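In: Generate coordinates for the sequence data below:
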Amino acid sequence: MGLGIVQPSSILVLLAGTAITLACTVSCTTVPETGRRQFVVLTASDERELGAAAYTEQLTAAKKVASGPDFDRVQQVGQRIAASSARRYGAAVASFDWQFAVIDTPEVNAWMLPGGKSAVNTGLLRVATTDDELAVVVGHEAAHAIARHGAERISRGMATQLVLGIMLASGEVDPSLVEATAVAYGALGETAFSRREESEADHIGLLIAADAGYDPRAALPFWQKMAKQGGSKPPELLSTHPSSDARAERLAQLMPEALKVYNAAKARRQ
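Out: Below you'll find the model as predicted:
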């Protein structure tokens, strides 16, 4: 039976929670920067393999931009984000093969799969009109990959379905896991990260952007612009994302730390 992320019954939630608690003694990792313990059953190598397969699958059907101002802008910002990520979280990104594709579509979205393989839509570039804003987005998506949020979500789904014994021993990539990876990292429509993980990516991503020499203060107006995209939003309790007010409050709390990193980056670049 293929892997799918489902809404389990309360009994399955209880069983899965027990399985996660027991398995965490051997399968838990630590999120860089925040120190949060997370349950992940996929190895980093398997996760990167799934990310590479999902990346190829997603770009095959996409209308890619291979040159021009949008492409050059994304490459420049992306490479600085990659360098910043290596400075701050070297062990986590040591095996990343950074790639920054540009997709010609009005959809306001960007995503990054395991291993640093990412895409930015031209629709997003029309909203993130400055490089500081674009760096906030790319840093945020890099943070999801660095913190292995997609692998964490897939692992929760595997535990929920009581299939912790799934292995990739055959050496073949399970197509259902490839699709689950694309979904978990936002490559297939709206990201499914939890509010906790979105806030964590805001934190890590803000510091990455600041370390790359981009002004972190751009995050506040950018996310305010994003909140206006697509009309009204569901209440925070029903959303996988923090509310606009909660996100703004959290970013304001993080700003002194981010500005310290930014000022140090400016001094370093000078």
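In: tell me the contacts of the nearest residue to residue 104 once chain neighbours are set aside?
Out: Once flanking residues are discounted, residue 104 sits nearest to residue 63: 4.4 Å by Cβ to Cβ, 6 or more residues apart in numbering. In short, each C-beta sits where N, CA and C put it, glycine included. By Cβ atoms under 8 Å, 6 or more residues apart in numbering, the contact set of residue 63 is 103, 104, 105.
In: Send over stretch 91-107 as PDB, restricted to the C-alpha atoms.
Out: The C-alpha coordinates for stretch 91-107 follow below in PDB (Å, rounded to 0.1, in the frame of the first residue of the first chain):
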ATOM      1  CA  ALA A  91      27.000  20.200   9.100                       C
ATOM      2  CA  ALA A  92      23.300  20.300   8.100                       C
ATOM      3  CA  VAL A  93      24.100  21.500   4.500                       C
ATOM      4  CA  ALA A  94      27.400  19.700   3.900                       C
ATOM      5  CA  SER A  95      25.800  17.400   1.300                       C
ATOM      6  CA  PHE A  96      23.500  20.000  -0.300                       C
ATOM      7  CA  ASP A  97      23.700  20.400  -4.000                       C
ATOM      8  CA  TRP A  98      22.200  23.900  -4.200                       C
ATOM      9  CA  GLN A  99      20.000  24.600  -7.200                       C
ATOM     10  CA  PHE A 100      17.700  27.600  -7.800                       C
ATOM     11  CA  ALA A 101      15.200  27.200 -10.600                       C
ATOM     12  CA  VAL A 102      12.900  29.900 -11.800                       C
ATOM     13  CA  ILE A 103       9.400  28.900 -12.900                       C
ATOM     14  CA  ASP A 104       7.300  31.100 -15.200                       C
ATOM     15  CA  THR A 105       3.900  31.100 -13.500                       C
ATOM     16  CA  PRO A 106       1.800  33.800 -11.800                       C
ATOM     17  CA  GLU A 107       1.400  31.600  -8.700                       C
END
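In: Run through who's touching that stretch.
Out: Taking Cβ under 8 Å, 6+ apart as the rule, stretch 91-107 contacts 32, 44-45, 48, 52, 55, 59, 62-66, 70-71, 74-75, 78-79, 82, 85-86, 115-126, 138, 145-146.
In: So among these, which ones count as buried?
Out: Neighbour counting with 16 or more other Cβ atoms under 10 Å marks 32, 44, 48, 52, 55, 59, 62, 65, 70-71, 74, 78, 82, 85, 115-125, 138, 145-146 as buried within the contacts of stretch 91-107.
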